[in-house]
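Trainee: Next one to model:
(one chain, ligands or ions: 1)
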Amino acid sequence: MTEPVLSTHGITRSFGALKASDDISIDLQPGEIHAIIGPNGAGKSTLIGQISGSLTPDAGTVRFLGHDVTRETVRARARRGLGRTFQISALAMEDTVLQNALLGALGASGRPWRFFGAALRTRDLRDRAEAALDRVGLADVASVRTAELSHGQRRLLEVAVALTLDPKAFVMDEPMAGLGPEGSKQLTGFLDTLRAEAPILLVEHDMDAVFALADRISVLVYGRVIATGTVDEIRADPAVRDAYLGDTA
Ligand SMILES: Nc1ncnc2c1ncn2[C@@H]1O[C@H](COP(=O)(O)OP(=O)(O)OP(=O)(O)O)[C@@H](O)[C@H]1O
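Mentor: Below you'll find the model as predicted:
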């Protein structure tokens, strides 16, 4: 195997007596989509929090592009090229689509937020934001207020905001949530092409999307990884069927 882009080594995180992450070691290889699945409360968001920097592990390390980033802030990791999309939308609803993309580009540039007004007029930031909107198919609605977008379009805008970072890896928390079948299909198609540019750690409940996209799947149950493997291996794993997949496999 090549050097992973992103990896965790034995990360552990407790909330009181509950071990939400229990000695988790996973990695993300260049060009791959690695899906993390598991029942509600299994610890998926806790894991993502530690990888992206909003939570600090009690033990273990997180490495990104050859650096130990365990103690780095969310912004420091974002500036290294870790792109993240959220389970709950982090978009500014009253701002336009372009303004949201610009906020992402501005964050990536490391310039203070008070320069937001200036950013609207700064060519390189604007170009970066517009290019990201174009890639996800939202260029036509750039001047529309974000609150007026459909749910699916907002999900695409979140991906565009992450794209403005020129990411070296993505961490996505349930990007398919709330999308109808058409929206999921569209986003699945886009993520399929995105992996060649930056690998994706994908937390997702939509099993159709996971089975269509994942190169590897890790299954989390009670804070522990009980299995990692290809789609076929995971579907055939009796422990996984028992703990999570049931009849959907
Ligand atoms: N800040 C917190 N304080 C206390 N307990 C927490 C906190 N965050 C998470 N937990 C607990 O840790 C466990 C793992 O939660 P987490 O949100 O990571 O699971 P999840 O797999 O993402 O769930 P879901 O699929 O419902 O989003 C749960 O039992 C949850 O109640």
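
Trainee: longest strand of this structure?
Mentor: The longest strand of the chain (DSSP state E) is strand 6-15.

Trainee: Now residue 211: closest residue in space that isn't a chain neighbour?
Mentor: residue 231 (5.3 Å; Cβ to Cβ, 6 or more residues apart in numbering). For the C-beta atoms, the positions are set from N, CA and C on the backbone; glycine is no exception.

Trainee: Packing partners of the longest strand of the chain?
Mentor: Applying 3 or more Cβ pairs under 8 Å, 6 or more residues apart in numbering; DSSP states H and E, we find strand 6-15 packed against strand 18-24, strand 27-28, helix 44-52, strand 59-64.

Trainee: Buried ones in that strand, by neighbour count?
Mentor: 6, 7, 8, 9, 11, 12, 13 (16 or more other Cβ atoms under 10 Å).

Trainee: can you check stretch 173-184 too?
Mentor: Buried-residue list, stretch 173-184, by 16+ other Cβ under 10 Å: 173, 174, 175, 176, 177, 179, 183, 184.

Trainee: Using the three-state scheme, assign the closest residue to the last one other than its chain neighbours.
Mentor: Spatial nearest neighbour of residue 184, chain neighbours left out: residue 176 (4.9 Å); criterion: Cβ to Cβ, 6+ apart. Judged by DSSP: H, G, I helix; E, B strand; the rest coil, the three-state class of residue 176 is coil.

Trainee: if I look at residue 176, how far off is residue 84?
Mentor: 16 Å (Cβ to Cβ, to the nearest Å).
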